[in-house]
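# pasting the structure only:
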């Protein structure tokens, strides 16, 4: 299994490239601001072939480069329908006036990729030789999802699942809920019904910051400890 993550140039948003191994097809998760150059280097270094872009939610720091990445490689983007409007209108999700400068730049325009596919809770994506379960986990945004990667060992055994958690769960914290579409009540429900039932050994690759595990967060994350 090849999983390579790196932070975007703004907001430290983690972009992930996931493939069964070098020379294989891959998916790209959350291509944020200014990731195209490093993303191209990773794809070339490992001889990968992108087949899809997966979005954990619609905030611009996770979606800024979705259009150029999808259009350059003719691949679809996957997003939950509650956050889909933010692809063409990211200002709404950030509580900003349309056309207001973003990341210090004025005059930016946004549009959906040609091929956008909507995610459903409980769906399983079979892409690039990977199997990813989709769980709707609103709270940070109405359309936040997490992707649970079923990681098979090369010998035929099992490795711990890997959870691409977006801004639902961080090491020691959770995503903010004070932007439009955010809800602490929905976040608590998502943490209680989606995150807490997962096995302790599940590796968490969050939208910001270092990786962690469900077990570590269950014991040390105050937002989870308060729920239990």
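Arrived safely. These numbers were taken from a predicted model, which means no experiment stands behind them. Residues are numbered from 1 along each chain as shown.
# Strands of this protein, residue ranges please.
2-7, 14-19, 25-29, 49-54, 77-79, 116-118, 124-127, 130-136, 145-149, 162-166, 169-170, 173-174, 203-206, 212-213 (DSSP state E).
# Sheet partners, orientation included, of the third one?
What it means is strand 25-29. Take DSSP bridges as the rule and strand 25-29 pairs in its sheet with strand 14-19 (antiparallel), strand 49-54 (parallel).
# Please render those as TSV that adds mean neighbour count and mean pLDDT to the earlier fields.
The way it works is simple: take the backbone N, C-alpha and C, and place the C-beta from them, glycine included. TSV is the format used below for those (neighbours: other CB atoms under 10 Å; pLDDT from 0 to 100):
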stretch	mean neighbour count	mean pLDDT
strand 14-19	24	98
strand 49-54	21	98
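# closest one to residue 121 among the ones you listed?
Closest approach to residue 121 among those (CB to CB): strand 49-54, 14.8 Å.
# report the angle between the axes of that closest one and strand 145-149?
140 degrees (axes from the mean of the first three to the mean of the last three CA atoms, to 10 degrees).
# And residue 139, how close does it get to residue 147?
Counting by CB to CB, to the nearest Å, the gap from residue 139 to residue 147 is 16 Å.
# same question, residue 115
In terms of CB to CB, residue 115 sits 19 Å off from residue 147.
# who's more crowded, these two?
Each of residue 115 and residue 147 has its neighbours counted (other CB atoms under 10 Å); residue 147 has more, 26 against 14.
# Isn't residue 16 up against residue 7?
No. Counting by CB atoms under 8 Å, residue 16 stays clear of residue 7, with 10.8 Å between them.
# And for residue 123, the neighbour number?
When neighbours are counted by other CB under 10 Å, residue 123 comes out with 14.
# OK, contacts around residue 67?
87, 110-113 (CB atoms under 8 Å, 6 or more residues apart in numbering).
# Lowest-confidence member of these, which is it?
Across the contacts of residue 67, the smallest pLDDT goes to residue 110, namely 85.
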